[in-house]
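Peer 1: Provide a 3D model corresponding to the input given below.
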Amino acid sequence: MHAASDTGRPFAILIIACGALAKEIMALCRSNNWQHVDLKCINADLHNKPKLIAGKVREKIALYRNQYEQIFVAYADCGTGGEIDRVLKETGIERLPGAHCYSFYSGELVFKQFSEEEPGTFYLTDFLAENFDRIVIKGLRVDDYPELLGDYFANYRRVLYLSQTEDDRLLQKAKIAAQTLGLDFEHYHCGYGQLESGLKAQVLRFE
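Peer 2: Alright, predicted model coming up:
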């Protein structure tokens with residue numbers, strides 16, 4: 001049995017995504033009128049526990065495989081050490097390009113330039129700027145043990161905010177995050193980057 005949208009049309013494509021990309025993927029579905037695309041997300045808090053990500057992706061694929069014509073995984077490698085790719089090779093499913101969401105937002109070449117320019121860069125996206133306290137401060141227990149801040153970020157020199165939207169509120173939150181970490185702040189607006197082009201390439205197969 002295939003899942004169906006609110007319009008009654010069967011969903012052809014399931015995107016299994018990191019929860020950190022949910023807002024952006026939903027925005028792309030609306031702007032492109034992708035009514036045949038469904039979205040299931042994995043908790044973005046696994047950003048701090050990357051070894052668990054591949055197993056969660058495998059579980060989602062097994063759960064939904066028979067309900068959709070096509071499944072696409074909206075993850076980069078995301079610190080899994082190639083584990084996501086091993087899962088996808090087993091199942092014949094594709095994913096977004098790159099090592100991190102930062103690289104597919106900015107583009108591989110631009111991200112490489114950023115990394116070479118300053119290896120000690122802590123990257124923020126819209127999601128991480130919005131959820132900095134929950135994901136970073138509380139997620140790493142810096143709120144309970146402030147001394148951990150120096151341990152975690154001793155080798156960082158700057159915060160680079162890779163924004164998806166032009167939002168002054170998020171920009172201010174990103175600046176405050178940099179101040180909290182005691183790092184320099186830079187901002188680069190990159191929009192949706194290869195998240196958009198990667199999803200479009202999948203969706204066009206089922207137009």
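Peer 1: Please count neighbours and contacts with C-alpha atoms only from this point.
Peer 2: OK.
Peer 1: Helices along this protein, start to end?
Peer 2: Under the criterion DSSP state H, helices of the chain are mapped to 22-31, 53-64, 83-91, 101-106, 108-117, 126-130, 132, 148-153, 168-181, 193-203.
Peer 1: For those, give me a markdown table that also has mean neighbour count.
Peer 2: Below are these laid out as a markdown table (neighbours: other C-alpha atoms under 10 Å):
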| stretch | mean neighbour count |
| --- | --- |
| helix 22-31 | 15 |
| helix 53-64 | 16 |
| helix 83-91 | 16 |
| helix 101-106 | 23 |
| helix 108-117 | 14 |
| helix 126-130 | 22 |
| helix 132 | 19 |
| helix 148-153 | 14 |
| helix 168-181 | 17 |
| helix 193-203 | 17 |
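Peer 1: Figure out which of those helices is closest to residue 75.
Peer 2: helix 101-106 (7.2 Å; C-alpha to C-alpha).
Peer 1: Domain boundaries for the chain, per the record?
Peer 2: 13-99+194-206, 108-189 (automatic domain parsing).
Peer 1: Now the weakest link among those domains, please, by mean pLDDT.
Peer 2: If you rank these by mean pLDDT, domain 13-99+194-206 sits at the bottom with a mean of 93.
Peer 1: how far out from the middle of the chain is that domain?
Peer 2: 9 Å (C-alpha atoms, centre = their mean, to the nearest Å).
Peer 1: Likewise for stretch 183-190?
Peer 2: With C-alpha atoms, centre = their mean, you get 18 Å for stretch 183-190.
Peer 1: Show residues contacting it.
Peer 2: 105-106, 156-166, 175, 178 (C-alpha atoms under 8 Å, 6 or more residues apart in numbering).
Peer 1: With stretch 136-149 instead?
Peer 2: With C-alpha under 8 Å, 6+ apart as the test, stretch 136-149 has contacts from 45, 48, 133, 181.
Peer 1: what would those residues look like in JSON lines with distance to residue 97?
Peer 2: JSON lines is the format used below for those (distance: C-alpha to C-alpha, whole Å):
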{"residue": "45", "distance to residue 97": "21"}
{"residue": "48", "distance to residue 97": "20"}
{"residue": "133", "distance to residue 97": "28"}
{"residue": "181", "distance to residue 97": "29"}
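Peer 1: Going through these, which ones are buried?
Peer 2: Buried members of the contacts of stretch 136-149, scored by 16 or more other C-alpha atoms under 10 Å, are 133, 181.
Peer 1: and of the contacts of stretch 136-149, the nearest to residue 80?
Peer 2: Checking those against residue 80 with C-alpha to C-alpha, the nearest one is residue 48 at 11.0 Å.
Peer 1: That closest one: what's it in contact with?
Peer 2: Residue 48 neighbours (C-alpha under 8 Å, 6+ apart): 135, 139-140.
Peer 1: And residue 24, by the same measure?
Peer 2: So, once contact is read as C-alpha under 8 Å, 6+ apart, residue 24 ends up touching residue 192.
Peer 1: Could you measure from it over to residue 39?
Peer 2: Separation of residue 24 from residue 39 (C-alpha to C-alpha, to the nearest Å) stands at 11 Å.
Peer 1: Repeat that for residue 33.
Peer 2: Separation of residue 33 from residue 39 (C-alpha to C-alpha): 14 Å.
Peer 1: Widest-spaced pair of the contacts of stretch 136-149?
Peer 2: Greatest spacing in the contacts of stretch 136-149, by C-alpha to C-alpha: 45 and 181 (19.6 Å).
Peer 1: Please consider this matter closed, and thank you.
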